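# this one's sequence-less:
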């Protein structure tokens with residue numbers, strides 16, 4: 001039922017006099033939802049929500065009983081890191097081996113430095129030929 005609130009309100013369902021007396025007595029039109037049924041629907045929905053929450057809570061508590069949490073790992077001490085027992089000695093050994101290879105290699109480092117001084121350092125020199133590179137690699141592999 002639509003009422004005119006003031007003189008400029010346009011009634012959409014007809015004039016106020018067009019509403020049947022039974023609808024006017026009831027307070028709503030027969031095509032509208034009865035307030036009691038709307039209230040019952042809302043109450044039913046709220047009850048279903050409470051039942052759903054109760055079931056979810058019961059399942060959560062049951063899950064906790066079936067799957068207890070793991071024991072705390074606070075008291076477990078991790079293993080010690082795998083560090084070198086004597087890093088200075090290991091470094092000395094690696095450096096000694098590198099110096100031996102430089103000294104006793106196919107071209108000892110001292111002779112290579114002397115050759116470089118004698119020939120000079122020429123940045124514009126052409127790159128070595130593939131044959132020389134292959135020969136140097138073969139010598140180094142021996």
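Thanks, I have it. The model shown is predicted, which means the values in this text are computed figures rather than measured ones. Numbering: from 1, shown residues only.
# Name the single longest helix found in the protein.
Longest among the helix segments of the chain by residue count, using DSSP state H, is helix 35-66.
# what helices or strands is that one leaning on?
In this structure, helix 35-66 packs against no helix or strand, with contacts taken as 3 or more CB pairs under 8 Å, 6 or more residues apart in numbering; DSSP states H and E. For the C-beta atoms, the positions are set from N, CA and C on the backbone; glycine is no exception.
# Now do the buried residues in stretch 32-44.
By neighbour count, with 16 or more other CB atoms under 10 Å as the criterion, stretch 32-44 contains no buried position.
# Work out the gap between it and the centre of the chain.
Going by CA atoms, centre = their mean, to the nearest Å, the spacing between the C-alpha centre of stretch 32-44 and its chain's C-alpha centre is 47 Å.
# Contacts for stretch 101-118 next, please.
With CB atoms under 8 Å, 6 or more residues apart in numbering as the contact definition, stretch 101-118 has outside contacts at 139-140, 142.
# Between the two ends of it, what distance do you get?
Looking at stretch 101-118, the gap from its leading to its trailing residue is 23 Å under the measure CA to CA, to the nearest Å.
# Out of the contacts of stretch 101-118, flag the one nearest to residue 36.
residue 140 (99.9 Å; CB to CB).
# Read off the pLDDT value for the closest one.
Model confidence at residue 140, expressed as pLDDT, equals 88.
# Three-state assignment for it, please.
Assigned with DSSP: H, G, I helix; E, B strand; the rest coil, residue 140 falls in the helix class.
# For it, grab the count of nearby residues.
For residue 140, the neighbour count with other CB atoms under 10 Å is 11.
# Give me the below-cutoff pLDDT ranges for the protein.
Across the chain, the ranges flagged by pLDDT under 70 are 1-6, 9-17, 28-29, 123-124.
# ranges for the helices of it?
Listed in chain order (using DSSP H), the helices of the chain are 21-26, 35-66, 87-104, 109-119, 130-141.
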